[in-house]
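1. let's see this in three dimensions:
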Amino acid sequence: MSKKMEFTVTITDENGEIIVKKTSAREVPFIEEIEAKGFRAAFDDLETAALELTKETREPAVAALLEEASKKNGISRTARRGHRRESI
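-> Model (predicted):
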């Protein structure tokens, strides 16, 4: 009987509030599958699942973090530009 492997990437701010959270899951071989497939084939399935889950969670989490940062950076740049115009 297969088991589920789940990867979660959570990015929090200095206050512990979650900024980004991405989760992915895959079925992975367990005792019965390891015995039926053999160790090497089952290990390959497990390793492939781990690599895919890492990519599926890491890349969207980093992209979401960069998107949030660019939104905040865009707001602060706009505010600074506006402030400069008023002071000139």
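2. and residue 25, that's in a strand?
-> Yes. Counting by DSSP: H, G, I helix; E, B strand; the rest coil, residue 25 falls inside a strand.
3. that one and residue 6 touch, don't they?
-> Yes. Between residue 25 and residue 6 there is a contact at 4.3 Å, judged by C-beta atoms under 8 Å. Just so you know, the C-beta spots here come from the backbone N, C-alpha and C atoms, and that holds for glycine as well.
4. more crowded one of those two?
-> Between residue 25 and residue 6, residue 25 has the larger neighbour count (other C-beta atoms under 10 Å), namely 14 against 10.
5. follow-up on the earlier one: which residues do residue 25 and residue 6 both contact?
-> Jointly contacting residue 25 and residue 6 under the rule C-beta atoms under 8 Å, 6 or more residues apart in numbering are residue 53.
6. backbone dihedrals for residue 30, please?
-> For residue 30, the backbone dihedrals (degrees, to the nearest 10) come out as phi -130, psi -160.
7. what about it, neighbour count?
-> Residue 30 has 14 nearby residues by other C-beta under 10 Å.
8. pLDDT (mean, whole number) over stretch 11-24?
-> Mean pLDDT, stretch 11-24: 93.
9. what does it contact?
-> By C-beta under 8 Å, 6+ apart, the surrounding residues in contact with stretch 11-24 are 6-10, 52-53, 56-58, 60-61, 64-65, 68.
10. for the residue nearest to residue 34 when sequence neighbours are not counted, grab the count of nearby residues.
-> Closest residue to residue 34 in three dimensions, ignoring its sequence neighbours and counting by C-beta to C-beta, 6 or more residues apart in numbering: residue 42, at 4.1 Å. Residues near residue 42, counting by other C-beta under 10 Å, number 19.
11. ditto for the one 5 residues further on
-> Other residues within reach of residue 47 by the criterion other C-beta under 10 Å amount to 11.
12. that one in helix, strand or coil?
-> Look at residue 47: counting by three-state DSSP, its state is helix.
13. quick one: pLDDT of it?
-> Predicted confidence (pLDDT) for residue 47: 95.
14. from residue 53, how far out is it?
-> 11 Å (C-beta to C-beta, to the nearest Å).
15. residue 7 now?
-> As judged by C-beta to C-beta, residue 7 and residue 53 stand 4 Å apart.
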